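>>> Sequence below, structure please.
(4 chains)
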2 protein chains.
Amino acid sequence: MSLRMALLTLIAGQPRSGYDINREFDGVLMFVWHAKPTQVYPELKRLAADGLIREQDEGPRGRRPYEITQEGLRTLREWLTTTSADHSQRNETVLRTFALWTVEPAEAQAFLREELEYHRARLRGLRVLQKGLDLDRPADRAALLGLEAGVRRLEAAASWAEWALGVVATWPSTTAPEQDTG
Amino acid sequence: MSLRMALLTLIAGQPRSGYDINREFDGVLMFVWHAKPTQVYPELKRLAADGLIREQDEGPRGRRPYEITQEGLRTLREWLTTTSADHSQRNETVLRTFALWTVEPAEAQAFLREELEYHRARLRGLRVLQKGLDLDRPADRAALLGLEAGVRRLEAAASWAEWALGVVATWPSTTAPEQDTG
DNA sequence: TGGAGCATGTAAGACGTTACATGATTTA
DNA sequence: TAAATCATGTAACGTCTTACATGCTCCA
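Next comes the predicted model:
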């Protein structure tokens, strides 16, 4: 259900084609929602068939931009005000962390260093995007909040990885299990 | 693929039945991984058929606890060391945030207050769990890192919601659009 | 003119959820 | 002895991914 709402949210902000949406799913929205092109295009057709979005005139290079309809906007508002958010998440970084005790501390540290680097790089990207917003546009004012959520999450993830690296440094090797020194 | 790894991770930490695992997916692991009982039970059967886990003697009340095998542990280590984590995420709270400009500021604030309360409540729960860990057990040492990741994420989410409430307070009503006062 | 990227799609299969089913054990 | 909870499952359906297909346009 939420893929529909993700598409409506993007198109409500400004008219977009499937291709535009796919680029967002690969970029900014990677930490919010994502879908493959093969899922996006048929869903856009369905939204149009249901009257929630409308195909605009074909743009350059065969683009098919969609705009939101009154009915689409109404559906989006209803979703926001009458249903509550699903808080269940899937986070592979944390899942792997729970299994880290099964590998050598050196391997665990390699994993954490990779995570640290990844989150730092993403953080830089988000901050650039945040500066590009036009706060006179209501949709961009909301995007500011959304991007700030991403920035704070990435900062938390990066500082966690740094902290975890220090903790793992104190772990005994798995092949030479801990022994008391008494 | 990662559901298998989530199950292996849990069972590697200590033997567990499907029921145990379902309770974890509903509780601690809600921000890490989740699956419904109807997906968990068949997957456990498959893992056992593949020799990655082994059914122990039937416990009280018809419980069927599984323990990890050497082959299962080897598979888990290989996953950790030879593949890298998928960082794509789905976060309905942030998705909804991008659409918040379509509703009245008062409705947006109600949403943010609900989020704030939710994250604060979860945070308290995680901190209790973290205190219950036995750091002499390697699996619990890894769990400490995992739970800390959750704590930091929830802290970030709560402080973001507080900040966002302040920002939304400055938004003009959608029915009475902004006008310059000059 | 040939390669990279633009832009949209179909089909098959894997993964995940919802609805439903079953029986045992503990507690009131 | 009735209700709540424990504990495991099947079937149908919906969502998402992977593999494959097509043609256009920009740039070197």
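
>>> ok, which residues in chain A are in contact with DNA strand D?
A:1, A:2, A:3, A:34, A:35, A:36, A:38, A:39, A:60, A:61, A:62 (Cβ under 7 Å from any atom of the strand). C-beta coordinates here come from the backbone N, C-alpha and C atoms, glycine included.

>>> at 6 Å what do you get?
Listed as neighbours of DNA strand D in chain A under the rule Cβ under 6 Å from any atom of the strand: A:1, A:3, A:35, A:36, A:38, A:39, A:60, A:61, A:62.

>>> Tell me which two of those residues sit farthest apart.
A:1 and A:60 (32.8 Å; Cβ to Cβ).

>>> These two: which is more packed in?
Applying other Cβ atoms under 10 Å in any protein chain shown to residue A:1 and residue A:60 shows that residue A:1 carries more neighbours, namely 8 against 5.

>>> Just give the nearest non-adjacent residue to residue A:97, would you?
In space, and not counting its chain neighbours, residue A:97 is closest to residue B:146: 4.4 Å by Cβ to Cβ, 6 or more residues apart in numbering or on different chains.

>>> Next up, phi/psi of residue A:64, please.
With angles defined as degrees, to the nearest 10, residue A:64 sits at phi -120, psi 80.

>>> If we ignore the residues flanking it in sequence, what's nearest residue A:66?
Leaving aside its sequence neighbours, residue A:66 sits nearest to residue A:53 (Cβ to Cβ, 6+ apart; 4.4 Å).

>>> residues touching the residue nearest in space to the middle of chain A, list them.
By Cα atoms, centre = their mean, chain A has its centre lying nearest to residue A:31, at 1.4 Å. By Cβ atoms under 8 Å, 6 or more residues apart in numbering or on different chains, the contact list for residue A:31 reads A:122, A:150, A:153, A:154, B:87, B:88, B:89, B:91, B:94.

>>> Which of those are buried, as a PyMOL select command?
Provided next is the PyMOL selection string for whichever of these are buried by 16 or more other Cβ atoms under 10 Å in any protein chain shown:
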select buried, (chain A and resi 122+150+153+154) or (chain B and resi 88+89+91+94)
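
>>> With pLDDT as new columns, can the contacts of residue A:31 be given to me in JSON lines?
As requested, these are exported to JSON lines (pLDDT from 0 to 100):
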{"residue": "A:122", "pLDDT": "92"}
{"residue": "A:150", "pLDDT": "96"}
{"residue": "A:153", "pLDDT": "97"}
{"residue": "A:154", "pLDDT": "97"}
{"residue": "B:87", "pLDDT": "92"}
{"residue": "B:88", "pLDDT": "90"}
{"residue": "B:89", "pLDDT": "92"}
{"residue": "B:91", "pLDDT": "96"}
{"residue": "B:94", "pLDDT": "97"}
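
>>> thought residue A:133 was touching residue A:143?
Yes: applying Cβ atoms under 8 Å as the test, residue A:133 and residue A:143 come out as touching, 5.9 Å apart.
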